[in-house]
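fold the following, please.
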Amino acid sequence: MKQVWKKRAVVATVLLFVCAAVYLNWRYAGNVADSSKVLGESTLVNAQDDTQNASKPVTEDDYFSTARLSRKQARDNAISMLKDAEVDKNAAEDVLNEASETLQVLAAYTVAESQIESLVTAKGYADCVAFMGDDSISVVVSDADGLDTTDVAKIKDIVISETDYTAEQIKIMESN
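Numbering: from 1, shown residues only. Model (predicted):
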């Protein structure tokens, strides 16, 4: 029984660290306002006019791209650490099982977040990014008209249908 609690504690700790890393990356990415670099754009090495790229304002699409990239990087780091634990020859059996279970949870988060984002944008919203954690999910949505209670209800229905979260565990925010 003691090993089961140890196992749960390790899984909860790893998930907490992953969620914290995703949240911090998301928060940091939301505060970055470097208009000289735009994700998805490239500049020729010998380009004559660098002022074009430097004068482009940061758009809302950049927030969503940056948030997805930050989330992916945090998950990739966590997955890398978990895979290292799985191949450690000195690791105990329960640690190996916990690492495997945590990898499965992270994979399920990734799939669910992607499905939620696709379904929300299919409902006509400009863009969306979802961040899943142990006890809650945050969904940031871009909508030109602003979100009203009907929009929030639609998005909550999507999240509830794709996950095990209750309505109280779902946080929906409109991007600025």
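
for stretch 162-170, which positions count as buried?
Within stretch 162-170, the residues that qualify as buried are 162-163, 165, 169-170, counting by 16 or more other C-beta atoms under 10 Å. Every C-beta, even on glycine, is put in place using the N, C-alpha and C of the backbone.

just the ones of those in helices?
In this view, the buried residues of stretch 162-170 that belong to helices under DSSP state H are residue 162.

strands of the chain, start to end?
127-132, 137-142, 170-174 (DSSP state E).

picking that back up, pull the most distant pair out of the buried residues of stretch 162-170.
Greatest spacing in those, by C-beta to C-beta: 162 and 169 (13.0 Å).

residue ranges in the chain under the pLDDT threshold?
Confidence mapping of the chain against pLDDT under 70 gives the ranges 1-61.

what do you get if the cut-off is 80, keeping everything else the same?
Counting by pLDDT under 80, the ranges of the chain that qualify are 1-61, 86, 89, 91, 176.

what ranges do the helices span in it?
Under DSSP H, the chain gives helices at 2-31, 51-54, 60-87, 93-122, 149-162.
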